[in-house]
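> structure here, sequence nowhere to be found:
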C-alpha cells in the first residue's frame with residue numbers, strides 16, 4: 001500500500017512512568033539514524049494506527065472519561081487509538097499491558113502478544129496529550145499520547161529481549177534528566193506537561209492539543225466539559 005505523505009495519519013504514543021511518587025522515570029528509546037521520521041531522536045514508544053487495531057478485544061476497556069475525551073474533535077475510535085498504543089509498546093519494547101486470557105484468532109500485528117497469553121488492557125491507559133506533526137515534515141501524524149504506570153506492565157520492566165529493532169538504547173530515563181537527551185520539540189513539551197501533572201491521581205484536568213494547522217500553531221484544551 002502506498003501512503004500519501006501529505007495525509008495526516010492517526011497515531012498513538014505511550015508514556016510508561018516508573019516510580020511516579022518517588023523518583024519518576026519514563027521509558028524511552030532512540031530512533032535509528034536511517035529513520036525517515038525523527039532520525040536519531042529519543043522518543044516514547046508509538047506509531048501509526050493499524051487497521052487491525054480496531055478489531056482487537058480488550059480484557060478491560062478505557063475509562064469513560066478517557067473514551068469521551070478521545071472522541072472530541074476526532075474521527076478515530078477511542079478503542080483503535082488505545083489498541084495502537086498498547087501494540088506499539090509491545091512491538092518497540094517487548095512489554096505487555098494486558099491481562100491473561102486466550103486469544104486464538106489474533107490478527108496480524110497482534111499474534112506475538114496473543115501467543116504470550118494476554119489480552120490488551122485499555123483500563124491501564126490515561127489519555128494525556130495530543131499533537132499534530134507540523135507542516136513540511138516527511139510524515140505527519142495526529143498523535144494521541146497516553147500515560148500508564150509501570151506497575152501495570154505484565155512483563156519485567158527491565159527486560160527488553162522481545163523488542164523489535166525500531167528503537168535502540170531502550171532505557172528508563174529519570175524524568176529530571178530527560179531533557180538532556182536529543183529530543184523532538186513536541187517531546188520536550190510533553191515532558192513539561194508530565195512534570196506539571198505527574199503527582200496527580202486520576203485523569204488530567206484537560207488535554208493540551210497542539211494543532212499545528214497554521215502559522216499560529218494554535219493550542220487548544222480538550223475535555224474540560226466532558227467529565
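Ah, there it is. Predicted model, so just to flag it, every value in this text is computed and none were measured.

> please enumerate the helices of this protein.
With DSSP state H as the criterion, the chain has helices at 64-71, 78-93, 111-115, 185-197.

> just name the most buried of those helices.
helix 78-93 (a mean of 26; mean count of other CB atoms under 10 Å). C-betas here are computed from N, CA, C, even on glycine.

> just checking, which helix or strand of this structure averages the lowest pLDDT?
strand 219-222 (a mean of 78; mean pLDDT, DSSP states H and E).

> for it, which strands pair with it and how are they oriented?
Using DSSP bridges, the strands paired with strand 219-222 are strand 207-210 (antiparallel).

> tell me which residues are up against the strand it pairs with.
69, 73, 127-132, 186, 189, 193, 217, 219-223 (CB atoms under 8 Å, 6 or more residues apart in numbering).

> what about that strand, distance to the chain center?
14 Å (CA atoms, centre = their mean, to the nearest Å).

> let me see the mean pLDDT of it.
Strand 207-210 shows a mean pLDDT of 94.

> now do stretch 16-25
Mean pLDDT, computed over stretch 16-25, is 96.

> in the least confident helix or strand of the chain, what's buried?
Residues of strand 219-222 classed as buried by neighbour count (16 or more other CB atoms under 10 Å): residue 222.

> quick one: residues contacting residue 115.
When contacts are counted by CB under 8 Å, 6+ apart, residue 115 touches residue 106.

> ok, now the one 3 residues further on?
When contacts are counted by CB under 8 Å, 6+ apart, residue 118 is found next to 59, 96, 98-101, 103, 154.

> could you identify the most distant pair in the residues you listed?
103 and 154 (13.6 Å; CB to CB).

> neighbour count for the two, which is higher?
residue 103 (20 against 15; other CB atoms under 10 Å).

> which residues of the protein score low on pLDDT?
Applying pLDDT under 70 to the chain flags residues 1-6, 33-38, 213-218, 224-227.

> how about a cut-off of 50?
1-3, 226-227 (pLDDT under 50).

> hang on, the earlier thing: out of the contacts of residue 118, which are buried?
Neighbour counting with 16+ other CB under 10 Å marks 59, 96, 98-99, 103 as buried within those.
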